[in-house]
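Peer 1: model the following, please.
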Amino acid sequence: FESATSKDRKIMYLGQGDSALFTGLYLAAESYRYHVTGSDEALSYVRRTLAGIKKLSLISGNGMLARAIYPVDGELVEQFLKTYSPDYIQTGRLDGRDYYWMGRTSRDQYAGIYFGLSVAYDFVNDEDLRNEVREIITRLTEHLLKKNWFVYNADGSIRTTFVGRTDQQLSILQVARHVNPGRFAKEYESFAWWHAGGTWWPMWLESLDLKNSYFKYNLASLYWFNLLRLEPEGSKHRKKYRDAYSHYWKTVRGHQNAHFNMVDRALFGADDGRDQQTRDLLDQFLTRGLRHKTVDLRDKYKACSDNWSCDPIPVAERASSDFIWQREPFLLFQEGDERVEGPGIDYLLPYWMARAYGVL
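Peer 2: Reported below is the predicted structural model:
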């Protein structure tokens with residue numbers, strides 16, 4: 001992110017807590033860009049981003065995904081260390097260089113990484129790159145299986161678990177099977193045999209609570225993208241997955257969300273109304289800009305509860321976010337800081353997906 005003053009521009013290091021998640025989404029955006037344009041610049045960004053993700057998969061030393069990584073001798077290292085408690089920061093060494101890295105890895109970090117890696121594998125025709133992706137996915141998946149789907153902090157305490165989220169477990173195994181069938185095909189089929197029918201209940205449960213942790217719908221979109229996209233037509237599990245996905249889609253399809261729309265397009269093909277809305281939403285995003293402005297719409301739109309509009313607010317007027325599509329589209333008021341500029345992945349990803357899938 002950047003912080004601007006009237007006289008100069010000061011670079012600040014902010015928001016690294018979701019580095020893995022959004023690095024994965026950026027990898028997907030540049031992979032789609034390369035697929036559409038064949039740009040050497042896009043390919044160089046794909047390779048550089050993949051190298052960063054490889055470090056996130058290696059720095060822990062045991063295959064656990066790191067949440068963020070930064071060189072010990074980096075220019076902004078003091079800001080990196082100040083942002084989070086020292087208890088979260090550990091040190092490691094890769095390729096002769098020392099790094100600080102942050103654990104406390106959550107399921108959303110895995111969602112972004114597997115999303116980005118799967119897109120790079122399928123949309124960038126480069127065998128060396130595909131081998132790198134296969135290596136990273138194998139390392140991360142082996143670790144999750146070894147730990148029985150639990151993710152641990154450095155002190156041995158449990159940070160999070162995938163247990164009970166069969167939709168997310170199956171999505172991870174689906175990607176692993178796709179890139180390394182010799183190792184993971186039987187693992188996936190065995191797990192799917194027992195659990196494919198249970199993927200509906202997390203979606204049904206989340207659909208009952210719109211206001212709590214809206215970002216959960218972004219995670220759902222990322223995990224469903226791989227689970228459904230890579231499941232063959234006519235398989236015995238596909239209908240179960242589609243039925244489960246429908247609980248999620250019924251909840252969010254009216255939220256004017258270009259990212260969710262493009263995942264749905266990738267999975268199920270063209271829909272004139274949804275695709276026209278996506279084009280309109282991307283245009284609105286450009287009029288809104290990336291600065292984190294204060295938003296106060298309490299006198300403009302009807303409220304159905306405290307700070308919550310009755311209908312989705314137009315994208316051009318929405319509250320700021322690092323990734324606008326994972327934030328509630330109903331917020332009427334949010335304080336901002338115009339010195340802060342978002343990274344723009346929330347435009348790049350749906351835009352290049354729209355190019356790749358023929359919406360633009």
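Peer 1: only C-alpha atoms from now on, for both contacts and neighbour counts.
Peer 2: Noted.
Peer 1: quick one: secondary structure of the closest residue to residue 93 other than its chain neighbours?
Peer 2: Closest residue to residue 93 apart from its sequence neighbours, by C-alpha to C-alpha, 6 or more residues apart in numbering: residue 99 at 5.9 Å. Following DSSP: H, G, I helix; E, B strand; the rest coil, residue 99 is assigned to strand.
Peer 1: now residue 36, nearest residue through space, not along the chain?
Peer 2: Spatial nearest neighbour of residue 36, excluding adjacent residues (C-alpha to C-alpha, 6+ apart): residue 356 at 5.8 Å.
Peer 1: list the contacts for the residue nearest to residue 93?
Peer 2: Counting by C-alpha atoms under 8 Å, 6 or more residues apart in numbering, residue 99 makes contact with 69-72, 91-93.
Peer 1: show the buried residues in these.
Peer 2: Listed as buried from the contacts of residue 99 are 69-72, 92-93; burial here means 16 or more other C-alpha atoms under 10 Å.
Peer 1: dump those residues to JSON lines, plus secondary structure.
Peer 2: JSON lines is the format used below for the buried ones among the contacts of residue 99 (three-state DSSP):
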{"residue": "69", "secondary structure": "strand"}
{"residue": "70", "secondary structure": "strand"}
{"residue": "71", "secondary structure": "strand"}
{"residue": "72", "secondary structure": "coil"}
{"residue": "92", "secondary structure": "strand"}
{"residue": "93", "secondary structure": "strand"}
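Peer 1: which helix or strand contains residue 279?
Peer 2: Using DSSP states H and E, residue 279 falls within helix 272-288.
Peer 1: and the helix or strand that that helix is followed by, which strands flank it?
Peer 2: Using DSSP H and E, the helix or strand that directly follows helix 272-288 along the chain is strand 291-292. Partner strands and pairing direction for strand 291-292 (DSSP bridges) are strand 337-341 (antiparallel).
Peer 1: span of stretch 228-238 from start to end?
Peer 2: Using C-alpha to C-alpha, to the nearest Å, one end of stretch 228-238 lies 7 Å from the other.
Peer 1: which of the residues in that stretch are buried?
Peer 2: Across stretch 228-238, burial judged by 16+ other C-alpha under 10 Å covers 228-231, 237-238.
Peer 1: now do stretch 291-311
Peer 2: Buried residues in stretch 291-311, counted by 16+ other C-alpha under 10 Å: 291-293, 295-297, 301, 303, 307-309.
Peer 1: make a markdown table out of the residues you listed and add secondary structure.
Peer 2: A markdown table is the format used below for those (three-state DSSP):
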| residue | secondary structure |
| --- | --- |
| 291 | strand |
| 292 | strand |
| 293 | coil |
| 295 | strand |
| 296 | strand |
| 297 | coil |
| 301 | coil |
| 303 | strand |
| 307 | coil |
| 308 | strand |
| 309 | strand |
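Peer 1: farthest pair within the residues you listed?
Peer 2: Farthest apart among the buried residues of stretch 291-311 by C-alpha to C-alpha are 291 and 303. That separation is 25.0 Å.
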